Every structure is written in C-alpha cells, then in structure tokens.
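Colleague: Generate coordinates for the sequence data below:
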Amino acid sequence: MGILGGNPKDEPMHYGEIFSMWTYVAGIKGMVARYETFINHCGDNDLIDFLQDRIKQGKQEEEQLENMLKEEGIGLPPTPPSTPNANVEDIPVGAKFNEPEISANLAKDITAGLMACSQIMGESTREDIGMMFGQFHTAKAALGGRLLRMNKEKGWLVPPPLHVKTPEPVGV
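Modeller: All right, here's what the predicted structure looks like:
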C-alpha cells in the first residue's frame, strides 16, 4: 500500500484533512469566546453549567487538533482574547442575550458541529483522524440530548407545528 499503509500517524495528511482541521480549530476558538460572553449574560445555573461543559469539551478538542497540526508543521489559527467576567445584573435588559436565545445558539452550534464531524470523518484517509472526529461526534450527540432535555424542562424549546391527530378519511 506504500505510504497509506501501516501506522496512520506515519501517513501524510491530505489538504482536505488539514483545511478541515484548521477550520474546525478556528471555529472552536470563536465558540469558546462566544460562550464566555454568554456566561456573562446568563442567570440560569443549569445553562451556565452546560456552557462551561461545552467550553471544556471544546478546549479538549482544540488541544488534540492543535497537537496534530503542530506535528505536521501547520500554522494555527489565531486565538481571540478571553472574555472578561461581568455581572449579569450590570448588562441592560435590551442589550442582554436571554436564556432561550443562548440555548438556541447552542443547539445550532451542536448541529453544525455534528455535521462538520461527519464530513471530516467521511473525507479522512487517515484512520486516526476519522476516529478522533467520531469521538467528537459522539460527545456532541450526548450534549445535544442533554440540551434538548433542558430546553423541554425550561420551556425554551420552540417546536415546529406538531402533528397531533390524523384527520379521518372522507367517504365518497
């Protein structure tokens, strides 16, 4: 098999893997900064815990990917500055994100992350990269389930029109 056999870490990355990983890291960095801001706007302790868990997970993913990119000699995307802590009471009501908005943003990000992980898994020729994004995908799916339960419990879920009952057929 030549260069595509044996230990996956000895195989070269292709440009799609490099670009996808670099872009994914850039997205994580922006996500962490955004979620730090959301914590400042949030008064719900369950949502704050969820945001902190998502930040922790994102930083773990970022570290793994940055290590792989560094090993390949790839420059890393810039890191935004950390968001300073603020008191939620100091943010005017009209300028503040509310909890349902924050939760909807989290759901959107988890969905986009699941799709990105699936795409990278599909394009990867290195098994270690595909497996790593498979692990990221599984962790995101678990967080998505946790967020869905929280949205239902808090009354933040805005479902599409629900099909409750089937109309009876009209006899001719």
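
Colleague: Show me which residues of stretch 112-124 are buried.
Modeller: Applying a neighbour-count criterion of 16 or more other C-beta atoms under 10 Å, one finds G113, L114, A116, C117, I120, M121, S124 buried in stretch 112-124. The C-beta positions use only the backbone N, C-alpha and C, and glycine is treated the same way.

Colleague: any idea how far V25 is from the fourth one?
Modeller: In this structure, C117 and V25 are separated by 13 Å, where distance is defined by C-beta to C-beta, to the nearest Å.

Colleague: and what of the first one?
Modeller: Distance check for G113 against V25: by C-beta to C-beta, it reads 13 Å.

Colleague: ok, now the fifth one?
Modeller: In this structure, I120 lies at 12 Å from V25, with C-beta to C-beta as the measure.

Colleague: okay but G30 is in contact with P81, surely?
Modeller: No - assessed by C-beta atoms under 8 Å, G30 is found out of contact with P81, at 11.9 Å.

Colleague: Please say which of the two ends up with more neighbours.
Modeller: G30 (14 against 7; other C-beta atoms under 10 Å).

Colleague: check contacts around the more buried one.
Modeller: G30 makes contact with P80, according to C-beta atoms under 8 Å, 6 or more residues apart in numbering.

Colleague: roughly how far apart are F50 and I39?
Modeller: Taking C-beta to C-beta, one finds F50 at 10 Å from I39.

Colleague: Looking at those two, which is more packed in?
Modeller: When neighbours are counted by other C-beta under 10 Å, F50 comes out ahead of the other of F50 and I39, with 21 against 18.

Colleague: and whichever strand or helix holds the more buried one, average pLDDT?
Modeller: Following DSSP states H and E, one finds F50 within helix 45-71. Per-region confidence: helix 45-71 scores 97 on mean pLDDT.

Colleague: Also stretch 136-143?
Modeller: 97.

Colleague: Lovely, talk soon.
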